[in-house]
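[1] sequence first, predicted model second:
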10 protein chains.
Amino acid sequence: MELPEITSKLLAAKKAKRMTFADIGKALGKDECWVAALFYCQAKATEEETCKLAKLLELPCEELKVLADFPTKGLGPVVPTDPLIYRLYEFIQVYGMPIKAVVHEKFGDGIMSLIDFSVHVDKEQDPKGDRVNITMSGKFLPYKVW
Amino acid sequence: MELPEITSKLLAAKKAKRMTFADIGKALGKDECWVAALFYCQAKATEEETCKLAKLLELPCEELKVLADFPTKGLGPVVPTDPLIYRLYEFIQVYGMPIKAVVHEKFGDGIMSLIDFSVHVDKEQDPKGDRVNITMSGKFLPYKVW
Amino acid sequence: MELPEITSKLLAAKKAKRMTFADIGKALGKDECWVAALFYCQAKATEEETCKLAKLLELPCEELKVLADFPTKGLGPVVPTDPLIYRLYEFIQVYGMPIKAVVHEKFGDGIMSLIDFSVHVDKEQDPKGDRVNITMSGKFLPYKVW
Amino acid sequence: MELPEITSKLLAAKKAKRMTFADIGKALGKDECWVAALFYCQAKATEEETCKLAKLLELPCEELKVLADFPTKGLGPVVPTDPLIYRLYEFIQVYGMPIKAVVHEKFGDGIMSLIDFSVHVDKEQDPKGDRVNITMSGKFLPYKVW
Amino acid sequence: MELPEITSKLLAAKKAKRMTFADIGKALGKDECWVAALFYCQAKATEEETCKLAKLLELPCEELKVLADFPTKGLGPVVPTDPLIYRLYEFIQVYGMPIKAVVHEKFGDGIMSLIDFSVHVDKEQDPKGDRVNITMSGKFLPYKVW
Amino acid sequence: MELPEITSKLLAAKKAKRMTFADIGKALGKDECWVAALFYCQAKATEEETCKLAKLLELPCEELKVLADFPTKGLGPVVPTDPLIYRLYEFIQVYGMPIKAVVHEKFGDGIMSLIDFSVHVDKEQDPKGDRVNITMSGKFLPYKVW
Amino acid sequence: MELPEITSKLLAAKKAKRMTFADIGKALGKDECWVAALFYCQAKATEEETCKLAKLLELPCEELKVLADFPTKGLGPVVPTDPLIYRLYEFIQVYGMPIKAVVHEKFGDGIMSLIDFSVHVDKEQDPKGDRVNITMSGKFLPYKVW
Amino acid sequence: MELPEITSKLLAAKKAKRMTFADIGKALGKDECWVAALFYCQAKATEEETCKLAKLLELPCEELKVLADFPTKGLGPVVPTDPLIYRLYEFIQVYGMPIKAVVHEKFGDGIMSLIDFSVHVDKEQDPKGDRVNITMSGKFLPYKVW
Amino acid sequence: MELPEITSKLLAAKKAKRMTFADIGKALGKDECWVAALFYCQAKATEEETCKLAKLLELPCEELKVLADFPTKGLGPVVPTDPLIYRLYEFIQVYGMPIKAVVHEKFGDGIMSLIDFSVHVDKEQDPKGDRVNITMSGKFLPYKVW
Amino acid sequence: MELPEITSKLLAAKKAKRMTFADIGKALGKDECWVAALFYCQAKATEEETCKLAKLLELPCEELKVLADFPTKGLGPVVPTDPLIYRLYEFIQVYGMPIKAVVHEKFGDGIMSLIDFSVHVDKEQDPKGDRVNITMSGKFLPYKVW
């Protein structure tokens, strides 16, 4: 997987400024996950937002304008090899059909939108070991019959 | 994708009894998603639970004992074609790397466990269209250094 | 590609009754393409519709109830080998990126829904050879920013 | 997917001139989708057209002559990961066989040509959300029997 | 590769009758290659032709009616393993691009149709070893510009 | 597919000299298809031929010596995406098994050589549209039994 | 990999008769490797040979006639998983290019035929451990230039 | 397939010196095939051997030291496209299972080592056409039972 | 992945007899892992051992004789989906190259044999959670130079 | 497989200093396998450790800071071609299911963690040939039921 050039520039600047995605998100009025998606060119900003981000990270505004283009999304590979990302793939392999059955039962014939969609990552303190909570929220889209 | 024979039997019985996964979950003291995973042989029950389930669905206890075996998990195919399940794959392709970046920032070097793990599906009423909320919760596992 | 058993039964009955998809569609108040999708278990009917269809094709109502289940969609293979269907794949390979560019220019950041979606097939008379017109209509879904 | 070098030059020039594909199409006497296909080297222009386009975008005529070569078409990847383009792939997976059945019923044994072919993208205003209409028109080619 | 059931029946009957594809072709007024394609369900006959063929091979007419359906074509696998068929794949790998260059030079922008198409296999006597001559003839289809 | 550097040099020189593959073939005493194969490094010339070609195209003799090396053949990808080349792949998928059946019937157990092989592309004038005729001629190689 | 039904019959009969491939080969006047290839439907016998083999193994002559058909060769899978067969695949991965270089140096432009071909397996006694010697012998086929 | 940089340097130097792999092998006390494997970084030399080879080819000793590193072996692609190398792959597809059966019959449960292994390429004069003889010799490794 | 029929019979019999792999191993004088491999037809027993096992599990001796055949090994799929087995694949993806570097440093040029090989699974009590210890032991095989 | 740039720098420095992974491990208080994993960017160090390592290898501290980033793990390819690494893949193909069966029998429903995990490589002296011992130790993670 070859990441876009802008991604490493953004990550390096963020590291140099010792800012978290949450810090940047607060400054832009966005969630940290959306900011991270923007860093990896998986989301699109407005031209104003790219300039705001450029100032925040002390990068030339012009250079970040690429973040306002419509990106070709999907980072590959087909089956992820990184252990953290693979676990999300394992989620599909193991729980995909069961989740489908439950969604249909609760909502009827349709799907969860990945477009009218948001995702949050939370840290839940737990004496037996902290937990990663990932919450996906997508609009239910019922199949049109025509 | 060829589902196990027991899966269609269970689904047919559940339909005949007009029970939801939630109804069955309540009777077994389990979450509806775990019950659905059990139906698809992606989770393992105890022998007692298989009998309890058998009674609930009015199926022969003996026939459901296979649910107490250790299943070979993963339902395939490599890239899901079903639109509902594909959206979860799209989630990995688009948000996998950003999620990884956020998890590392919040938790350090490690992953979200898919074993010490639970998932819930909730229906959020929304005047602009109901939302599907999927919440994954996995223990953070820090990489051991040796 | 192994088609569902019900598909060949439906196709055989339709052939025996010398009905077109359009005839059946008219009787059900549906488009011919949706009816064809139902035949291949790529769309879901209501229980009432399955019975109506059963009567129309003189098949036992009970047998067609499977059409009211939530199907696992996607017929494979990964790259279609049938010449007619391959041309639609060639459409993606050749015109996918250009279409994406035009849609973004006209609508902004988002996609065409395949769920709030319909498709029609029309025959256009043309002295140089009739033309197949396929019209896809999907709701534009703008990306949510959060 | 690595796009041809000329593609980014053309897109950058178009952006700088604040022209749409439709604007360029009008100037060249072509449809916007064909123009977009040309930008991605999925269509071939005449030498005259490349010069006309070069003037329009204020680029050196010589540099655009590559657009008059016969391109090797198909932009990959095998299964698209971009959500907008994937939906077109989902169209094949879900509606490919049904469409085939309807086309055969209406036209007989043959296919829709992707060569004697055009495609249009239209925006349909709709109070419930605008719709993307994609219309493909291809000559029906009956199988020769010999 | 699993061949259709009808294929082995036809081949067995043909063997029993000691007829060649050419013999059958002559009786049906068709080329031997088209007849072979029909045997493998890669071409479609009319209902009359299926009956004519049935009589010729002394098979029940009803059983051969499947040859009048619109077949889903493409026999797989993705890369052929059979040495004879692989050589045709090697032809594409080695001579595909050169052939493309020559066709474009001679005909301009377009392709050879595989639909308005015929193929012949001839045996050329040669003292150094007989030669297999395969002649493909397809209508040139020029790309439409719109 | 990344073509060898020498290929673009040769094609550019040929274009500049306004020569066809046939022109070059005549000068070298070779068929146009073989010349095209040489351009794409899918055939091997003698050192003398590379110099003759260099003079013809006014390129430095030294630079073309690479054409006298033994190339690693096969241009990929596994399934061609270019419409013109794909049609040849479709030929295998659809007519591969039928051709195999006819060759065995006419020649017995063996294959058509792709090594003791030649291919020609001819333009057949036809009022209904010119035809591309591709003629492959390969020595029949009978299987040795030992 | 699913083997042909006849293969297990032949292997069972051979085991029951306590014959080696070499024993059978001697009786048929063939090499043991060719006999093994016949057992796996990777070689074709004459009708006389199938009967001779049938008598030898005390099987019905009629049942073995399938061995006189032209088999579709290649046993799969794409990358062998069986350790013994994988080692031959490793041979290609590691020594393929070097072997190609040596063959070209010794023979010029061409290949080793796999059709005018034989292979032998020999056991070489060695105090440090016996050695498996596999000898392939194929006619050199020089590329034709046309 | 991208070959290591050192490979082209070695091949160019060998060509300039007009030496064969056998010449180099003789000078190093090694077989020509092993030398070819070394050229393609599929075998490992000692530091002394790299210097000896450097002198022989008049290349800087330092530059060839990379040949004494432990290479990552396997040259790809998964299915070879080069006709000469493909024939070796065809060998596995067609004769892999038969060879396995013969080796087990002669040696018992185990495999031919590809590590304690050598391969030779010989030219056998034959009036009907010279033959390429490839002889593999690997130690038989019996499966350990524990 | 379709397991051999004998595997489920053996597993069912073992379950009915309430024996562990270790119990069976003790009775046969073998390690539990080897016994498990035999159950899945990934190891080969002697005819005596199959009878001994048959008696132990009260199964007909004849039925287990298949365990004395030479199995075609490798259970697939290419990338395992079962979480437990996938972790072993992750081991290769993450630690494969590092392990290779360490083995070469300690042993020189060669590999760990998977044939002269054994593996053990041990349970290590640990207050923070028991540990699975998998120990592989394979003979080091140095590359032969010839 | 393209290794990170830092990997070759580290390996070259280590070679120049004539240090083993064990030497470096001792200096850092880490196991040699973990050090090797760090070299290949498959493990993450602290900033302090990167500086300690930099001093040890006489490399600029700044340059090694990349080792403190969170790496994207997994070195590919999908099926390893290097013989040493392939043997580990063969281990999964052959012994994966048997190991799974034994682990479940000993530990119940769960997996061996690859995160709370360590691996050691040991050299066992043996008169019949030294043995490579690879010991994996991972915490057993029982499946949560919810």
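    Arrived safely, thanks for sending. Please read these numbers as outputs of a predicted model, since none were measured by experiment.

[2] please enumerate the helices of chain A.
    Applying DSSP state H to chain A gives helices spanning A:5-16, A:21-28, A:32-39, A:47-57, A:83-107.

[3] okay if I get those helices as CSV plus mean neighbour count, mean pLDDT and distance to chain G?
    Every residue, glycine included, has its C-beta placed from N, CA and C. Shown next, in CSV, are the helices of chain A (neighbours: other Cβ atoms under 10 Å in any protein chain shown; pLDDT from 0 to 100; distance: least, Cβ to the nearest Cβ, whole Å):
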stretch, mean neighbour count, mean pLDDT, distance to chain G
helix A:5-16, 16, 96, 34
helix A:21-28, 18, 98, 41
helix A:32-39, 26, 98, 36
helix A:47-57, 17, 97, 46
helix A:83-107, 23, 98, 20
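
[4] need the ones you listed in a markdown table (columns: distance to C:Gly108).
    Putting the helices of chain A into a markdown table (distance: least, Cβ to Cβ, whole Å) gives the following:
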| stretch | distance to C:Gly108 |
| --- | --- |
| helix A:5-16 | 21 |
| helix A:21-28 | 19 |
| helix A:32-39 | 16 |
| helix A:47-57 | 13 |
| helix A:83-107 | 28 |
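
[5] save the ones you listed as TSV, and put in distance to chain D too.
    Output for the helices of chain A, formatted as TSV (distance: least, Cβ to the nearest Cβ, whole Å):
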stretch	distance to chain D
helix A:5-16	13
helix A:21-28	22
helix A:32-39	13
helix A:47-57	11
helix A:83-107	14
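
[6] for chain A, what's the longest strand?
    Determined from DSSP state E, the single longest strand within chain A is strand A:110-124.

[7] which residues does A:Leu84 contact?
    By Cβ atoms under 8 Å, 6 or more residues apart in numbering or on different chains, the residues touching A:Leu84 are B:Ile99, B:Lys100, B:Val103, B:His104, B:Gly110, B:Ile111, B:Met112.

[8] in chain A, what residue lies closest to chain F?
    Of all residues in chain A, A:Val78 sits closest to chain F, at 14.2 Å by Cβ to the nearest Cβ.

[9] in chain A, what residue comes closest to chain D?
    A:Gly74 (2.3 Å).

[10] neighbours of the nearest residue to that residue once chain neighbours are set aside, how many?
    Sequence neighbours aside, D:Thr81 is the residue nearest to A:Gly74 in space, at 2.3 Å (criterion: Cβ to Cβ, 6 or more residues apart in numbering or on different chains). Using other Cβ atoms under 10 Å in any protein chain shown, D:Thr81 has 22 neighbouring residues.

[11] center of chain A, which residue is that?
    By Cα atoms, centre = their mean, chain A has its centre lying nearest to A:Ala37, at 4.1 Å.

[12] ok, now how distant is that residue from chain I?
    25 Å (Cβ to the nearest Cβ, to the nearest Å).

[13] the domain parsing of chain A - what is it?
    Domains of chain A are assigned by automatic domain parsing as A:5-68, A:83-142.

[14] in TSV, list the ones you listed along with distance to E:Lys26.
    Output for the domains of chain A, formatted as TSV (distance: least, Cβ to Cβ, whole Å):
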stretch	distance to E:Lys26
domain A:5-68	63
domain A:83-142	54
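
[15] now for the ones you listed, which one comes closest to G:Ile92?
    Taking Cβ to Cβ, domain A:83-142 is the member of the domains of chain A nearest to G:Ile92, at 29.8 Å.

[16] end to end, how far does the closest one reach?
    Using Cα to Cα, to the nearest Å, one end of domain A:83-142 lies 34 Å from the other.

[17] so how far is that domain off the chain centroid?
    13 Å (Cα atoms, centre = their mean, to the nearest Å).

[18] mind listing what A:Lys73 touches?
    Residues counted as contacts of A:Lys73 (Cβ under 8 Å, 6+ apart) are A:Cys41, A:Gln42, B:Gln93, B:Val94, D:Thr81, D:Asp82, D:Pro83.

[19] swap in 7 Å and give it another go.
    A:Gln42, B:Val94, D:Thr81, D:Asp82, D:Pro83 (Cβ atoms under 7 Å, 6 or more residues apart in numbering or on different chains).

[20] distance of A:Ala13 from A:Lys55?
    In this structure, A:Ala13 and A:Lys55 are 11 Å apart, going by Cβ to Cβ, to the nearest Å.

[21] actually, A:Glu105.
    49 Å.

[22] surely A:Phe107 and A:Phe140 touch.
    Yes - A:Phe107 is within contact range of A:Phe140, at 4.9 Å (criterion: Cβ atoms under 7 Å).

[23] what touches both of these two?
    B:Asp130, B:Val132.

[24] what parts of chain A come near chain I?
    Within reach of chain I by Cβ under 7 Å from any Cβ of the partner chain, chain A has these residues: A:Val79, A:Thr81, A:Pro83, A:Tyr86, A:Glu90, A:Gln93, A:Val94.

[25] quick one, what contacts A:Glu32?
    A:Phe21, A:Ala22, A:Gly25, B:Val102.

[26] do the same with A:Pro83
    B:Ile111, I:Glu90, I:Val94, J:Lys73, J:Leu114, J:Ile115.

[27] same list (the residues you listed) but as TSV, adding distance to I:Cys51.
    Putting these into TSV (distance: Cβ to Cβ, whole Å) gives the following:
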residue	distance to I:Cys51
B:Ile111	48
I:Glu90	40
I:Val94	44
J:Lys73	48
J:Leu114	40
J:Ile115	45
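
[28] what pLDDT is listed against the closest residue to chain J within chain A?
    For chain A and chain J, the shortest gap (Cβ to the nearest Cβ) falls at A:Thr81, measuring 2.3 Å. A:Thr81 carries a pLDDT value of 97.

[29] surely it and J:Pro71 touch.
    No - taking contacts as Cβ under 7 Å, A:Thr81 lies outside contact range of J:Pro71: 11.3 Å.

[30] if we can go back for a sec, chain H: which of the residues of chain A next to chain I is nearest?
    Nearest to chain H among those is A:Val79, at 15.4 Å by Cβ to the nearest Cβ.

[31] quick check: phi and psi at the closest one.
    Torsion angles at A:Val79 (phi, psi; degrees, to the nearest 10) stand at phi -110, psi 120.

[32] grab the nearest non-local neighbour of it.
    That would be I:Val79: by Cβ to Cβ, 6+ apart, it lies 5.6 Å from A:Val79.

[33] list the contacts of that neighbour.
    Residues in contact with I:Val79 (Cβ under 7 Å, 6+ apart) are A:Val79, I:Tyr89, J:Val78.

[34] go on, A:Glu124?
    A:Asp130, A:Arg131, A:Asn133.

[35] hmm, try it at 8 Å
    Counting by Cβ under 8 Å, 6+ apart, A:Glu124 has contacts A:Asp130, A:Arg131, A:Val132, A:Asn133, B:Ser137.
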